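K.L.:
3D model of this:
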Amino acid sequence: MDKVLQIINMVPAGKVVSYGQVALMAGTPRGARFVGGVLCFRGDNTPWWRVINNAGRISTTCLDHTATTQKEKLRAEGVEVSEKLKIDIERFRWRPEPDALKKLELDEEYTQQIMEKYFF
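P.N.:
Now for the predicted structure:
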């Protein structure tokens, strides 16, 4: 859980990540739903609004973090969000530098897999 929050705090303003991307970077591939749960219950002190689904849509169902609030916060950071809550995820996706991934203390081989997925 702490690693998920650490990753989300690393995402710069004006960028987004997918739930699955955060799960992968946290070392729990296929843990997208877990990431959503962490954000809903523990995400108040993080930029939770920078996490969207991999299809590029705002999909939060958390009562404390509404889709409307997420849209407004993203737009305030310069992220283009359509009225249907759609975002060009590849244009706005955060692609962390290798140094940022090293802070997550993942093993070298796993870090390489993440780099290949998002950079090559």
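
K.L.:
doesn't Gln70 lie inside a helix?
P.N.:
Yes. Counting by DSSP: H, G, I helix; E, B strand; the rest coil, Gln70 is part of a helix.

K.L.:
residue contacts, it?
P.N.:
48-49, 52, 58, 60 (Cβ atoms under 8 Å, 6 or more residues apart in numbering). C-beta: built from backbone N, CA, C; applies to glycine.

K.L.:
my guess is Leu106 meets Thr28, correct?
P.N.:
No. Counting by Cβ atoms under 8 Å, Leu106 does not reach Thr28; the two are 11.0 Å apart.

K.L.:
what are the ranges of the helices in this structure?
P.N.:
2-10, 19-25, 32-42, 67-76, 89-92, 98-102, 108-119 (DSSP state H).

K.L.:
tell me what the residue most central in space within the chain is bridged to.
P.N.:
In the chain, the centroid-proximal residue (Cα atoms, centre = their mean) is Val17; its distance is 3.0 Å. Note on Val17: beta-bridge partners Val51, judged by DSSP bridges.

K.L.:
thanks a lot, catch you later.
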